[in-house]
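Q: All I have is the shape, not the residue letters:
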């Protein structure tokens, strides 16, 4: 299982990004929401969308989540 976080602040494109802990783009602890531990990125995305309807997977660490949105 993998842990996932979502940015509290939207990126310039207006989306909140979902990240894993090892991502170099993971925001500081005060700027993110812990989503939980999930078996797949798509499960994490469902949780992120309940917080922010415009959530997207980080292209660097959550490619599977990004692909699930297409």
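A: All right, it came through fine. Here the structure is a predicted model, which means the values were calculated and not measured.
Q: show me where pLDDT drops low in the chain?
A: 64-70 (pLDDT under 70).
Q: Centroid-nearest residue for the chain?
A: residue 18 (0.9 Å; CA atoms, centre = their mean).
Q: who are the neighbours in contact with it?
A: Under the criterion of CB atoms under 8 Å, 6 or more residues apart in numbering, the neighbours of residue 18 are 4-6, 35, 41, 44-45, 48, 55-58, 62, 65. Using the backbone N, CA and C atoms, a C-beta is placed for each residue, glycine as well.
Q: Same list (the residues you listed) but as a markdown table, adding distance to residue 22 and neighbour count.
A: As requested, the contacts of residue 18 are arranged in a markdown table below (distance: CB to CB, whole Å; neighbours: other CB atoms under 10 Å):
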| residue | distance to residue 22 | neighbour count |
| --- | --- | --- |
| 4 | 11 | 27 |
| 5 | 11 | 23 |
| 6 | 16 | 25 |
| 35 | 15 | 21 |
| 41 | 13 | 22 |
| 44 | 14 | 28 |
| 45 | 18 | 24 |
| 48 | 18 | 27 |
| 55 | 19 | 23 |
| 56 | 18 | 22 |
| 57 | 14 | 26 |
| 58 | 11 | 24 |
| 62 | 11 | 25 |
| 65 | 15 | 27 |
